[in-house]
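# Sequence plus predicted model, see below.
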Amino acid sequence: MRRLAGVLAAATAIVAAQAVAAVPSKARVAALAGEAMTATGAKGLAIAVIDNGRVASVQAFGARNAKGDPLTTETVMYGASLTKALFGYYALMLVDEGKLDLDRPVAAILPRPLPDYGNLDAYGNWGDLKADDRWQRITPRHILTHSTGFANFSFIEPDGKLKFHFDPGARFAYSGEGIMLLQFALEKGLGIDVGADIQRRVFTPLGMTATSLMWRPAFARNLADGWEADGKVEPHDERSKVRAAGSMDTTIGDMAKLTAAMARGWALKRATRKSYSAPHLPITSRQQFPSLLPEAAPNDRWPYLAAGLGVISFTGPQGRGFMKGGHNDSTANTMVCIEAKRRCVVILSNDVRAEMAFPWLVRAILGDINVPYGWEYPGVSDKLIKRN
């Protein structure tokens, strides 16, 4: 029996080794980027590859604006919801220091009842929750696993009001307003300036000199505008508020440093880092958006797909991985990491059309990893989709 177990373990290791692709050269990545841009019509694309927790290559291609100025590795681009992956990692730094307990309700952190703060443009519509005491049960773990019960944002509700669609912790449903609740608790309950604290703890020590959660005038020197799906140019937004749900401006060079640090567990205890991308809550929806779709039948769900703490956890031929996307009408970003090899790819684009090539690009760079892009981008395959 012991011998059989050994044989099976060896066979499993051989299969896993065969599934791991070699890290592509810079020239190969450049060729892939060119093919993706030609196929999708995307005007700008930046790609970083991380191997064994270290930056292997960082490159940028195409244009940063309608004038045709080149997109470079130092061009400031919109990070969008990659901010949430950063925020989850930062929250675990606070956990390691004993400042935050993931399972202590937010209500116990705040000095006043949450609805008493009212509806705040900078955070969320907490006053709308006055008649529903389930706000007292929400924990940081619920927030970081997107299981508060909220819609993505209250402004998409038919009546514009924040409400619970299920009990906190019951299931996954993506919520930016939920993420803002944890930022609110840290700032109003613990007295932390989240933007300044992330700058001090993360951006400065990692040498991320062109990254911020709020606009800096210096960014204008080398700034990416964006292209929408119809080819319309969208100027870069000068964000005036720190928003953990998605206000980060960054560069592909800086995102490479951050992703490499997260892949190797920088600044976290080993067990804490493991929890970051562990499968905390099974994901039961057939796709990510709309965020409040009914739960899929068990045989129609994505296997081995779960919520991590600010990221999505999945399992494939190379073992466990984690991912996070970032999107708006003119932005397309993705970050995918494989834990075993601490190998990642980060793609930032200032053209939303680039998303159509993400599954193909990630597979070409990282190999067969079973990344659940069909859940994030329904209908998009890992074949390079040609432009009409």
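Alright, I've got the coordinates. Numbers count the residues shown, from 1 in each chain.
# Phi, psi for His327 please.
Phi and psi for His327, reported as degrees, to the nearest 10, are phi -150, psi 140.
# Also Asp51?
In terms of degrees, to the nearest 10, the main-chain angles of Asp51 are phi -130, psi 130.
# Any idea how many residues pack against it?
Neighbours of Asp51 under the rule other CB atoms under 10 Å: 16. Backbone N, C-alpha and C define where each C-beta goes, glycine included.
# Tell me the secondary structure at the residue nearest to Tyr276 when sequence neighbours are not counted.
Spatial nearest neighbour of Tyr276, excluding adjacent residues (CB to CB, 6 or more residues apart in numbering): Leu309 at 5.3 Å. On the three-state scheme (DSSP: H, G, I helix; E, B strand; the rest coil), Leu309 is labelled coil.
# roughly how far apart are Leu309 and Gly191?
23 Å (CB to CB, to the nearest Å).
# What residues of stretch 310-326 count as buried?
Across stretch 310-326, burial judged by 16 or more other CB atoms under 10 Å covers 310-316, 318, 320-326.
# hang on, the earlier thing: between Leu309 and Gly191, which one's more packed in?
Comparing Leu309 with Gly191 by other CB under 10 Å, the one with more neighbours is Leu309, at 26 against 7.
# surely that one meets Leu144?
Yes: using CB atoms under 8 Å, Leu309 is in contact with Leu144, at 4.2 Å.
# ok now do the residue nearest to Tyr276, which residues does it touch?
With contact set as CB atoms under 8 Å, 6 or more residues apart in numbering, Leu309 has these partners: 88, 91-92, 102, 141, 144-145, 275-278, 280.
# Among these, which lie within helices?
Judged by DSSP state H, those include 88, 91-92, 141, 144, 275-276 as members of helices.
# pretty sure Tyr377 is touching Phe358, no?
Yes: under the criterion of CB under 8 Å, Tyr377 makes contact with Phe358 at 7.1 Å.
# neighbour-wise, which of the two wins?
Phe358 (25 against 20).
# you'd agree that one is up against Met335?
No: if you go by CB under 8 Å, Phe358 and Met335 don't touch, sitting 10.7 Å apart.
# pLDDT on stretch 306-326, on average?
Averaging pLDDT along stretch 306-326 gives 98.
# Any idea how far that stretch is from the middle of the chain?
Here stretch 306-326 is found 10 Å from its chain centre; the criterion is CA atoms, centre = their mean, to the nearest Å.
# residue contacts, Leu82?
Applying CB under 8 Å, 6+ apart, the residues near Leu82 are 248, 250, 255, 324-326, 333, 335.
# gap between it and Gly124?
Between Leu82 and Gly124 the distance is 20 Å, computed by CB to CB.
# what do you get for Ser330?
Distance from Ser330 to Gly124, by CB to CB: 25 Å.
# re the thing from before, tell me the one among the buried residues of stretch 310-326 nearest to Pro70.
The nearest member of the buried residues of stretch 310-326 to Pro70, counting by CB to CB, is Gly326 at 22.1 Å.
# pretty sure Gly178 is in a helix, no?
Yes: per three-state DSSP, Gly178 lies within a helix segment.
# Helix, strand, or coil at Asp382?
Strictly by three-state DSSP, Asp382 counts as coil.
# For it, which non-adjacent residue is spatially closest?
Counting by CB to CB, 6+ apart, the residue nearest Asp382 is Pro359, at 4.1 Å.
# Secondary structure element for Val55, which one?
Per DSSP states H and E, Val55 falls inside strand 54-62.
# strands paired with that strand, and their directions?
strand 44-51 (antiparallel) (DSSP bridges).
# Strands of the stretch 51-200 of the chain, start to end?
Per DSSP state E, counting those that start in this stretch, the stretch 51-200 of the chain carries strands over the ranges 54-62, 77-78.
# Tell me which of those sits most buried.
strand 77-78 (a mean of 28; mean count of other CB atoms under 10 Å).
# Show me the contact partners of that strand.
46, 224, 226, 236-237, 248-252, 326, 328, 331, 333, 348, 350.
# Among these, which ones are in strands?
46, 226, 249-250, 326, 328, 331, 333, 348 (DSSP state E).
# Many thanks, have a good one.
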